[in-house]
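S.K.: Predicted model follows, preceded by the sequence.
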Amino acid sequence: MFSPFTLRYARLPAHFFARFDPVPVEAPHLIAFNRPLAEELGFDLAAFDERQATEWFSGNVVPPGAEPLAQAYAGHQFGNFVPSLGDGRAVLLGEVTDRHGRLRDVQLKGAGRTPFSRGGDGRAPLGPVLREYLVSEAMHALGVPTTRSLAAVASGERVFRRIPEPGGVLTRVADSHLRVGTFQYFAARGDIDALRTLADEAIARHYPHLDEEPPETRYLDLFEAVQQRQAALVARWMGVGFIHGVMNTDNTSVAGETIDYGPCAFMEAYDPRTVFSSIDERGRYAYGNQPGVVQWNLARFAEALLPLIDDDRQRGIERATRVLEACPGQYDAEWLAVMRAKLGLAREEEGDFELAESLLEALHAGGADFTLSFRQLADVAESAEARPALFELTERREPLEAWLERWQARLAREDADGAAIASRMRTVNPLYIPRNHRVEEALAAAYEGDFAPFETLREVLARPFEAQPGREVYTLPAAPSERVFRTFCGT
Ligand code: AMP
Ligand code: MG
């Protein structure tokens, strides 16, 4: 049933990781298994055996051919450098080749204490496991690059956080687990050979078009390629109202995927200062700060790569700085592309950036729900009769009304009629996002042994752009009594 493992990371130098088998759990129970993803990974679903899957995805049995290991990495956490983090509760089983010929990491998260666990117990509570499952799969359905969730298992054990909670294990699938922090780990140790090996591995796996380049340019180009993907990624987050919550450099993927779903959340009423994470006291990772933070993280990546970029340190800094200075422009271009699509604009005009920004100002002024506002705009593009429903979302109608006039004039210069514009807008503006109160509700029920709300939410979020009759409540923002103000990383 399992696809053969490639063991690429396991064949890198021994100090890149610690060989480590998952620690068995007491009474594993398979809660979720992602069949479409399993299929994509080349699993033989006809041979699916639930008992065996439970053993593999709980870590109780190491699947044939896997050589589990915990990866070493460092990272800036909330701006402070920690030279040694590493997989404290995760093990990489190995890589598998998917049906598109792409290598994908398969990792168990919550697999027990590793040599990198420091004070932690190596475990994950079931809540955060199910949360990552729901939100990562929702992000995928929304078209945002992300790690995926293959399976969620309840361990049958208790983990102790603020209170005892049921434990869980998540099987995470990623393009790779190479992080900015992985580079920082070796840079901090002055281990240039390891740094080069790692950079070459990143090129081989994610940027093969750089493979033929000479050392004088390939590492700077690697930096630029990662920057491009990260700028595109964060622009996508902004377009769906996603707040990552812990944009530390150890959570910044070199492959450009969203990784590490901890206290992440979706914004409801538009406000760039929105923060949910209980540990983000100063709002460092607020919604509106994310584009600036990613650039800060990329600057740390450039620092780590400096010894490879140029033999002359000063010249290396100058060359890397020149690339980094292009980051805001790249981000703005990505963001503009996202916003044009959200606004139904296929043509490109000079004033589009400002048009998009002033809509956000109007939404902010009226406390309007970000997701629903864009979705309703599609209806307005189709028919002026939809305007009252849009205005119901805002507490201040005038700015939005004034903005609509400008937008309608702009739409008139598109080569499409209202219905065509509306239907393309509905392919990029979701109706369903993982609203925080719905996620919390599903997790609370799961803790009581009722997985039905989790299953329903999973189904709803798999088709975020299609109206699903009977599931209207999932489109709605939290009522005041349901509102979630804080999310916890649960580690
Ligand atoms: P995260 O907040 O999940 O990005 O984790 C940050 C660091 O803390 C990583 O090195 C993790 O492996 C480690 N960590 C998080 N939770 C645990 C835990 N329960 N036990 C051991 N290490 C952990
Ligand atoms: Mg992390």
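M.R.: Received it, and whenever you're ready, just let me know what you need. Ligands and ions are numbered 1, 2, ... in the order given.
S.K.: Point out where this structure drops to low pLDDT.
M.R.: Scanning the chain for pLDDT under 70 picks out the ranges 489-491.
S.K.: Would you map the strands across it?
M.R.: Assigned by DSSP state E, the strands in the chain fall at 17-19, 29-33, 69-71, 75-77, 80-82, 90-97, 103-109, 124-125, 148-160, 164-174, 242-243, 265-266.
S.K.: As a markdown table, those strands with mean neighbour count would be great.
M.R.: For every residue, glycine as well, the C-beta is placed using N, CA and C. Below are those laid out as a markdown table (neighbours: other Cβ atoms under 10 Å):
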| stretch | mean neighbour count |
| --- | --- |
| strand 17-19 | 18 |
| strand 29-33 | 19 |
| strand 69-71 | 26 |
| strand 75-77 | 20 |
| strand 80-82 | 13 |
| strand 90-97 | 24 |
| strand 103-109 | 23 |
| strand 124-125 | 25 |
| strand 148-160 | 21 |
| strand 164-174 | 23 |
| strand 242-243 | 24 |
| strand 265-266 | 26 |
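S.K.: Export the ones you listed as CSV, with columns for distance to residue 387.
M.R.: As requested, these are exported to CSV (distance: least, Cβ to Cβ, whole Å):
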stretch, distance to residue 387
strand 17-19, 58
strand 29-33, 41
strand 69-71, 53
strand 75-77, 47
strand 80-82, 49
strand 90-97, 50
strand 103-109, 46
strand 124-125, 45
strand 148-160, 39
strand 164-174, 44
strand 242-243, 28
strand 265-266, 25
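S.K.: Serialize those strands to CSV and add fields for distance to ligand 2.
M.R.: Shown next, in CSV, are the strands of the chain (distance: least, Cβ to the ion, whole Å):
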stretch, distance to ligand 2
strand 17-19, 16
strand 29-33, 21
strand 69-71, 11
strand 75-77, 8
strand 80-82, 11
strand 90-97, 9
strand 103-109, 10
strand 124-125, 12
strand 148-160, 15
strand 164-174, 11
strand 242-243, 16
strand 265-266, 17
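S.K.: so which of these gets nearest residue 478?
M.R.: Nearest of the strands of the chain to residue 478, taken as Cβ to Cβ: strand 265-266 at 10.7 Å.
S.K.: Does whichever helix in the chain runs longest pack against any helices or strands, and if so which?
M.R.: The longest helix of the chain (DSSP state H) is helix 215-240. On a contact count with 3 or more Cβ pairs under 8 Å, 6 or more residues apart in numbering; DSSP states H and E, helix 215-240 meets helix 192-206, helix 290-309, helix 313-325, helix 327-342.
S.K.: So for residue 278, which of the ones you listed sits nearest?
M.R.: helix 290-309 (18.1 Å).
S.K.: I'd like to check the angle between that closest one and helix 215-240, please.
M.R.: Using axes from the mean of the first three to the mean of the last three Cα atoms, to 10 degrees, the direction of helix 290-309 lies 170 degrees away from that of helix 215-240.
S.K.: Would you mind naming the residues that bridge with residue 91?
M.R.: Beta bridges link residue 91 to residue 108, judged by DSSP bridges.
S.K.: if we can go back for a sec, who wins for proximity to residue 249 among the strands of the chain?
M.R.: For those, proximity to residue 249 was assessed by Cβ to Cβ; strand 75-77 is nearest, at 4.4 Å.
S.K.: Could you spell out the sheet neighbours of the closest one, each with its direction?
M.R.: strand 80-82 (antiparallel).
S.K.: and the strand it pairs with, how far from the chain's centre?
M.R.: 22 Å (Cα atoms, centre = their mean, to the nearest Å).
S.K.: Quick one: name the residues of this protein near ligand 1.
M.R.: With Cβ under 6 Å from any ligand atom as the criterion, the chain meets ligand 1 at residues 85-89, 116-117, 120-123, 246, 250-251, 260, 262, 489, 491.
S.K.: so which of those are also by ligand 2?
M.R.: 251, 260 (Cβ under 5 Å from the ion).
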